[in-house]
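[1] any chance you could fold what I've pasted below:
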Amino acid sequence: QLQLVESGGGLVQPGGSLRVSCAASGFTLDYYAIGWFRQAPGKEREGVSCIRGTEGRTFYADSVKGRFTISRDNAKNTVYLQMNSLKPEDTAVYYCAARRYGCSLSRTDFASWGEGTQVTVSS
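    Predicted coordinates:
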């Protein structure tokens, strides 16, 4: 059974860094794309970043380009999202999701989701 578990969220000051993790089980990353999404209170869930399962090509939303980096460790079956230069508007619950093959930043393209981890950027 495909499962995704996020971890690493927390409270960080503006300008700080945080790394969140997405541990996958029940499947291997080689043939799946993993996306990171976030949802702030009162807002829709939005795509942040995605990494393809085959060649590892990465995609980013404009709002995080240059600040966030997605990566994966196939040996640990884990995908990471390194977040630097964090802003208060990055505050949200961060979710990872999986789909076969190609990347997408649209939440409707993903059927398998984790429970999320809270990231709060505040002084």
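[2] ok, and what's touching stretch 94-101?
    The contact list for stretch 94-101 (Cβ atoms under 8 Å, 6 or more residues apart in numbering) reads 2, 4, 6, 9, 20, 22, 24, 27, 31-39, 45, 48, 52-54, 79, 81, 107, 109-119. (Each C-beta comes from the backbone N, C-alpha and C, glycine too.)
[3] quick check on those residues: which are buried?
    Neighbour-count burial (16 or more other Cβ atoms under 10 Å) applied to the contacts of stretch 94-101 gives 4, 6, 9, 20, 22, 24, 27, 32-38, 45, 48, 52-53, 79, 81, 107, 110, 112-114, 116-117, 119.
[4] quick revisit: so of the contacts of stretch 94-101, which ones are in helices?
    With DSSP state H as the criterion, helices contain none of those.
[5] and the gap between the residue nearest to Ser106 when sequence neighbours are not counted and Arg99?
    In this structure, Ser106 finds its nearest non-sequential neighbour in Gly47, 6.3 Å apart by Cβ to Cβ, 6 or more residues apart in numbering. Look at Gly47 and Arg99: by Cβ to Cβ, to the nearest Å, they are 12 Å apart.
[6] who touches both of the two?
    Joint contacts of Gly47 and Arg99 (Cβ under 8 Å, 6+ apart) are Gly35.
[7] more crowded one of these two?
    Gly47 (21 against 17; other Cβ atoms under 10 Å).
[8] quick check: that one touching Leu105?
    Yes. Counting by Cβ atoms under 8 Å, Leu105 is a contact partner of Gly47 at 2.9 Å.
[9] who touches both of those two?
    Common neighbours of Gly47 and Leu105 (Cβ under 8 Å, 6+ apart) are 35, 61.
[10] show me what Tyr60 is bridged to.
    On the basis of DSSP bridges, Tyr60 takes part in beta bridges with Ser49.
[11] start the count at 76 instead of 1 going forward.
    Got it, the first residue is 76 from now on, which makes the last one we talked about Tyr135.
[12] need the contact list for it.
    Tyr135 neighbours (Cβ under 8 Å, 6+ apart): 123-124, 143, 145.
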